[in-house]
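Peer 1: predicted structure and sequence below. I'll ask about it afterward.
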Amino acid sequence: MGKPELEALLKVLRGLSLSSNLSFVCAFDREAVEATARESFNLSSNIYFEKFFPVSINIPVIDEDALKKIGVRRLSSALHRRGWFEAEEDSETYEEKIGELWIDLLSPFCSTIRQIGLLANDVAATSYLKGEIDLIDLTLIELLRRFEPAIHEIVWRFREILSEGESSRTRYRFRTDQQKDANEKQLLSEIDKALEGSPRAEAVRKVLGHLFPKFEKIAHLKLHLPLRRQASDELANTISDPSVMRTYFHQKLSEDEFSSREMRDFVRELERAGSPEAVRQRILQKIESMEKGNPKRRDFLKKLSAHLNKMDLSVATEVVHTCMGEAGRLAYDFFVSVGEAGDVLRMAIRVADRKKNHNEREGFLGECIREAGDDTMALRILTALSKPGQDFNLQVSFAELYPHFIERMTKEYGPDVDPQNVDLSFSDQNAFNLWGFADLSKEGMVLDPQAATRNRAIQENFWVGYIGTSRKRLAEAVNQFFFFVGQYDSDPRPFIENKIPVATLKRIYESTEDGSALTIDDRVALGMLERLLRGEFTGGVGPPEWEKERRRVLAPEQDEDNEDGAVK
């Protein structure tokens, strides 16, 4: 209070002495108030002041332990009032974690009850983030925003350096190692400048190190803080995840993100569905509500995959079976573990890993191969999941899964199907190639020669029936499955033999007719096939030959000696 306010207050208090039924209690810094009163009333001592306050009680200084208890309780209560906790154990877990971190990370900023109140109000007010960010991370980043705004601003500007995880590779632009080193040095320089002379500099660096493991490495910190999350915990919603950071700083969920809170509600809905068919219908409805390749659908599959580790095992198993059936409608990436198909493959890994019995794991993966919506997913399960990965080892061998793969290929392309009506858009040339292998020693198994012959015969019959007398179908089969554009370092005919005997292919080529509907690609494929059948590529062939054939198809009269390839 200023001097005029204090003078008015003292006059009011003096008048209250005339009321026998009214008492008053004032809390203040006695030395400061007495000094102001002496100056206002021109007093030489404190005796006059004692007329107003005949009883004086010194309130003890709050010790560190008491302040910690007050702080933890105040933060938890503020979040509880705003409905942040879905269950009582959630608030207990939060209090336990904050209590563990209080001395190292929060006490340097919250040395008074007022500072604790400010932080509690800030954290509780971020209702737009409910369920989208780890509460400990939210508390610490709000701590920086309230008490170290310059550091808070630096975090956003250097988000590409501080973020981690797969999404940081896809959302942010590429930087060379030299650029990364320069940016890291600039980050440290700006932080040092912002903290110059600050008594809380060490505490700020500890907070940053806890929030961003990459900063801990960049700054060469050696923190021994409790409760450090594992990088593999995909449900943590840590602020070091680029999507979570963007949501926090933009104060809204991106259109590319599937809400974590909505995902938890969806998982609970699946667990209450009551039947495998009900689970299937709910998943299909959700997937089909988003277009293929839509970033939000990819985020949905990624988060659903992460939840399988904690979902009821029977429900999680049905989720995988459903998604396997949809494999043909998924977006694929060149890298096996990336994209929508990569998330579904990760689902199979997680559920298989939860099945502790070896026979159950083999049976489950075999079912995934047989029911996969396309050959590519079945092939990836066979070849990728039969080997240890960076974070999994299902201990199911290629030899154990191979019979399931053969069963699938026979079902899809065997004698019981009408080859003329097979849709090859869900087929994979690598799957056909593996189906025709006779030597699988590289995969650690010996294939019975009779079985290899039988597999090749079934595939040969399929291709003969599929192509029939159509030159159009022959060209498409050559271009997509038999002899597609690529680098062949040796004679490509053995590669073709894995799918169809070259002699049979020659007979089909000579008997097909009706080439009126052929595209440029079809004509190029048939031209290359004709040259292969003449024995031109016994030493190998590369993409330049396909380009040469394309130029010939486009301009038959083109001068082949013209180096610049100009058309006459």
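Peer 2: Received the coordinates, thanks.

Peer 1: and the next element down the chain from the lowest-mean-pLDDT helix or strand in the chain?
Peer 2: Ranked by mean pLDDT, DSSP states H and E, the weakest helix or strand in the chain is helix 166-171, scoring a mean of 43. Later in the chain than helix 166-171, the nearest helix or strand by DSSP states H and E is helix 177-194.

Peer 1: what helices or strands is that following helix leaning on?
Peer 2: With contacts taken as 3 or more C-beta pairs under 8 Å, 6 or more residues apart in numbering; DSSP states H and E, helix 177-194 sits against helix 149-157, helix 159-162, helix 201-211, helix 213-218. Glycine gets a C-beta too; all of them are placed from N, C-alpha and C.

Peer 1: ranges for the helices of the stretch 351-500 of the chain?
Peer 2: 358-371, 375-384, 398-413, 429-435, 449-467, 471-477, 493-497 (DSSP state H, counting those that start in this stretch).

Peer 1: just say which of the helices and strands packed on helix 177-194 is most tucked in.
Peer 2: Mean neighbour count (mean count of other C-beta atoms under 10 Å) peaks for helix 201-211 among these, with a mean of 21.

Peer 1: what residues does it touch?
Peer 2: Applying C-beta atoms under 8 Å, 6 or more residues apart in numbering, the contact partners of helix 201-211 are 101, 104-105, 108-109, 137, 140-141, 143-144, 148, 151, 155, 191, 195, 198, 215-216, 219, 221, 223, 225, 228, 238-240.

Peer 1: what does stretch 147-155 give?
Peer 2: 109, 115, 119, 141, 144-145, 162, 187, 190-191, 194-195, 200, 204, 208, 212.

Peer 1: follow-up on the earlier one: give me the buried subset of the contacts of helix 201-211.
Peer 2: Using 16 or more other C-beta atoms under 10 Å as the burial test, the contacts of helix 201-211 include 101, 104-105, 108-109, 137, 140-141, 143-144, 148, 151, 155, 191, 195, 215-216, 219, 238-240 as buried.

Peer 1: now do the helices in the stretch 1-150 of the chain.
Peer 2: 3-16, 30-41, 64-81, 88-101, 113-125, 135-147, 149-157.

Peer 1: residue 396: which of the ones you listed is closest?
Peer 2: helix 88-101 (35.9 Å; C-beta to C-beta).

Peer 1: what's the average pLDDT for the closest one?
Peer 2: For helix 88-101, mean pLDDT is 92.

Peer 1: ok, residues contacting it?
Peer 2: By C-beta under 8 Å, 6+ apart, the list of residues contacting helix 88-101 reads 68, 71-73, 75-76, 79-80, 84-85, 106, 135-136, 139-140, 210, 225-227.

Peer 1: mind checking which of the residues you listed are buried?
Peer 2: For the contacts of helix 88-101, a burial check counting by 16+ other C-beta under 10 Å picks out 68, 71-72, 75-76, 79, 84-85, 106, 135-136, 139-140, 210.

Peer 1: and the two most separated of those residues?
Peer 2: Farthest pair in the buried ones among the contacts of helix 88-101, by C-beta to C-beta: 85 and 210, 21.8 Å.

Peer 1: okay, domains of the chain per the record?
Peer 2: The chain breaks down into these structural domains: 3-51, 64-249, 468-568 (assignment by automatic domain parsing).

Peer 1: including distance to residue 436, could these go into a markdown table?
Peer 2: Formatted as a markdown table, the domains of the chain follow (distance: least, C-beta to C-beta, whole Å):
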| stretch | distance to residue 436 |
| --- | --- |
| domain 3-51 | 88 |
| domain 64-249 | 35 |
| domain 468-568 | 3 |
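
Peer 1: check those domains for me: which has the lowest mean pLDDT.
Peer 2: Per-stretch mean pLDDT for the domains of the chain is lowest at domain 3-51 (a mean of 80).

Peer 1: first-to-last residue distance for that domain?
Peer 2: One end of domain 3-51 to the other measures 19 Å (C-alpha to C-alpha, to the nearest Å).

Peer 1: and it, how far out from the chain middle?
Peer 2: Counting by C-alpha atoms, centre = their mean, to the nearest Å, domain 3-51 is centred 64 Å from the centre of its parent chain.

Peer 1: also stretch 178-198?
Peer 2: 28 Å.

Peer 1: in that stretch, which residues are buried?
Peer 2: 184, 187-188, 190-191, 194-195.

Peer 1: okay if I get those residues as a markdown table plus distance to residue 284?
Peer 2: Formatted as a markdown table, those follow (distance: C-beta to C-beta, whole Å):
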| residue | distance to residue 284 |
| --- | --- |
| 184 | 46 |
| 187 | 46 |
| 188 | 50 |
| 190 | 50 |
| 191 | 49 |
| 194 | 51 |
| 195 | 53 |
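
Peer 1: from the contacts of stretch 147-155, pick the one nearest residue 45.
Peer 2: Closest to residue 45, out of all of those and judged by C-beta to C-beta, is residue 115, at 35.6 Å.

Peer 1: OK, contacts around the spatially closest residue to that closest one that is not a sequence neighbour?
Peer 2: Among residues not flanking residue 115 along the chain, residue 109 sits closest, at 6.6 Å (C-beta to C-beta, 6 or more residues apart in numbering). By C-beta under 8 Å, 6+ apart, residue 109 lies in contact with 115, 119, 143, 146-148, 200, 203.

Peer 1: turn the residues you listed into CSV, including distance to residue 419.
Peer 2: CSV is the format used below for the contacts of residue 109 (distance: C-beta to C-beta, whole Å):
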residue, distance to residue 419
115, 76
119, 70
143, 67
146, 69
147, 72
148, 69
200, 74
203, 71
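
Peer 1: for these, which one is nearest residue 252?
Peer 2: residue 146 (20.8 Å).

Peer 1: so how many other residues sit close to that closest one?
Peer 2: 17 (other C-beta atoms under 10 Å).

Peer 1: enumerate every residue touching it.
Peer 2: Here residue 146 is in contact with 109, 118-119, 122 (C-beta under 8 Å, 6+ apart).

Peer 1: make it 7 Å
Peer 2: 118-119, 122 (C-beta atoms under 7 Å, 6 or more residues apart in numbering).

Peer 1: so which of the residues you listed is surrounded by the most neighbours?
Peer 2: Neighbour max across the contacts of residue 146 (other C-beta under 10 Å) = residue 119, 23 neighbours.
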